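# need coordinates for the below:
(one chain, ligands or ions: 1)
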Amino acid sequence: MNVIETRNLTKYYRDIRGIENLNLSVKEGEIFGFIGPNGAGKSTTIRTLLNFIFPTSGSAKVMGLDIVKDNKEIKKLIGYIPSEVHYYDDMKVRDLFQYSAKFYEQKFEEKTKRLAEIFEVDMEKNISDLSFGNKKKVAIIQALHHSPKLLILDEPTSGLDPLMQNRFFEVLKEENNHGTTIFFSSHVLNEVQKLCHRVAIIKDGKIIEVEEIEKLRKRNYKKVTIELEKSNMDLTIKLDGITDFSADNNLLKFLFSGDVKQLLNYIYEINPQNFWVEEPSLEEIFMHYYEKEEK
Ligand SMILES: Nc1ncnc2c1ncn2[C@@H]1O[C@H](COP(=O)(O)OP(=O)(O)OP(=O)(O)O)[C@@H](O)[C@H]1O
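Numbers count the residues shown, from 1 in each chain. Sure thing, here's the model as predicted:
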């Protein structure tokens, strides 16, 4: 079953493009990364799914329910972390959790307490006294405390220090092991690759790629660095399968996805002082996609 399914979902803010003909399917039980640069349309997608804004055209279902007609029911079934957290400041953290508990039928005091311990949130503090990161942690606890079937997370790690990011990922893995589907937006691919099963790449309001993380990793790109004896900027490269070429003094760098025998011949011919062939990070492959798309 698809937990999220969008059909040509489109949102224009007057004449400004938010998202355009977005088709996205997130399967039950998966951790799905939604990646793209600033302004690509990630928050627009999420805010449309949650019915904070209305689609211009197209439609979408969350857990089989229509995002516009059935939005009240959907909100009870999901947990959501906004990219920017705003609270009424004049309230203790404990009171906020008690207030939000009223929206649900089940009790979850134990889980709230456990999450507050994991994230080191002092429930006796006033929200106005919390730092940005600590407010974010309060939002994380609010999204998780009722053990929702689906988590929709909009840049959830911004503001968290590395230790808390790790704890957060551990908690997400645990939730996922208990069957929770997770939809997770970020502009940092390296971050989601640790966690996600599949990833969609969004750019200029359109999905340009949906791929399993493992497959993306195995796309067979090599990151090649060649050190020449002296700078040779006139060097022309007669080799198929090269992208992202750069020459800096005596260092040549490129991504390579062609025939490795030709690569070896080429390296031999240019008589290098040294060379390195490495696995690129997903971040590097991802940048390559973007450049390819821009041409
Ligand atoms: N309220 C709004 N009014 C007008 N234009 C908007 C509004 N919100 C978003 N946009 C525009 O829609 C496009 C998509 O923005 P969106 O916030 O969805 O991107 P994003 O991928 O979440 O970016 P970021 O990583 O910066 O949060 C951008 O061009 C943005 O300027």
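# so Lys42 touches Ile202, yeah?
Yes - between Lys42 and Ile202 there is a contact at 6.2 Å, judged by CB atoms under 8 Å. The C-beta positions use only the backbone N, C-alpha and C, and glycine is treated the same way.
# so what sits against both of those two?
Residues touching both Lys42 and Ile202 (CB atoms under 8 Å, 6 or more residues apart in numbering) are Phe34, Ile35, Gly36.
# now narrow these to whatever sits close to the ligand.
By CB under 6 Å from any ligand atom, the members of the shared contacts of Lys42 and Ile202 lying near the ligand are Gly36.
# in helices, which of the shared contacts of Lys42 and Ile202 fall?
Judged by DSSP state H, those include no members of helices.
# nearest to the ligand, of the shared contacts of Lys42 and Ile202?
For these, the residue nearest the ligand by CB to the nearest ligand atom is Gly36; the value is 5.2 Å.
# how many other residues sit next to the closest one?
For Gly36, the neighbour count with other CB atoms under 10 Å is 24.
# so what pLDDT did it get?
Residue-level confidence at Gly36 comes out at 86, pLDDT.
# that one: what's it in contact with?
Lys42, Ser185, His187, Ile201, Ile202, Lys203.
# right, and Leu103 touches Ile78 too?
Heads up, residue 103 is Phe, not Leu. No - Phe103 is not in contact with Ile78 according to CB under 8 Å; the separation is 11.9 Å.
# count residues in the vicinity of the closest residue to the ligand within the stretch 51-200 of the chain, would you?
Closest contact between the stretch 51-200 of the chain and the ligand, by CB to the nearest ligand atom, is at His187 (5.1 Å). Neighbour count of His187, defined by other CB under 10 Å: 16.
# and if you look at Phe184?
With neighbours defined by other CB under 10 Å, the count for Phe184 comes to 23.
# for it, give its distance to Val199.
Phe184 is 9 Å from Val199, where distance means CB to CB, to the nearest Å.
# which one (most neighbours) among the contacts of Gly36?
Within these, Ser185 tops the neighbour count with 25 neighbours, counted by other CB under 10 Å.
# please report phi then psi for that one.
phi -100, psi 150 (degrees, to the nearest 10).
# tell me who's in contact with it.
Gly33, Phe34, Ile35, Gly36, Lys42, Ser43, Thr45, Ile46, Ser83, Leu153, Asp154, Glu155.
# so Ile285, which state does it fall into?
Judged by DSSP: H, G, I helix; E, B strand; the rest coil, the three-state class of Ile285 is helix.
# please look at Tyr221 and Gly258 and confirm they touch.
No - assessed by CB under 8 Å, Tyr221 is found out of contact with Gly258, at 10.2 Å.
# you'd agree Thr44 is up against Glu20?
No - contact criterion CB under 8 Å: Thr44 and Glu20 do not qualify, at 10.1 Å.
# okay, and the common contacts of the two?
Gly205.
# mind checking the SS state of Val171?
Classification of Val171 by three-state DSSP places it in helix.
# surely it touches Glu117?
No - assessed by CB under 8 Å, Val171 is found out of contact with Glu117, at 11.4 Å.
# looking at those two, which is more packed in?
Taking other CB under 10 Å, Val171 and Glu117 do not tie; Val171 has more neighbours (17 against 10).
# lowest average confidence, helix or strand, in the chain?
helix 282-294 (a mean of 62; mean pLDDT, DSSP states H and E).
# spit out the residues that contact Phe184 and Val199 alike.
Joint contacts of Phe184 and Val199 (CB under 8 Å, 6+ apart) are Phe32, Gly33, Phe34, Val192.
# let's have those in JSON lines, adding distance to Asp15 and neighbour count.
Below are those laid out as JSON lines (distance: CB to CB, whole Å; neighbours: other CB atoms under 10 Å):
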{"residue": "Phe32", "distance to Asp15": "30", "neighbour count": "22"}
{"residue": "Gly33", "distance to Asp15": "30", "neighbour count": "24"}
{"residue": "Phe34", "distance to Asp15": "25", "neighbour count": "29"}
{"residue": "Val192", "distance to Asp15": "32", "neighbour count": "23"}
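# near the ligand, which residues of the chain?
Checking the chain against the ligand by CB under 6 Å from any ligand atom, the hits are 13, 16, 18, 36, 38-44, 83, 187.
# same thing but 8 Å
11, 13-14, 16-19, 36-47, 53, 83, 154-155, 185, 187, 202, 205 (CB under 8 Å from any ligand atom).
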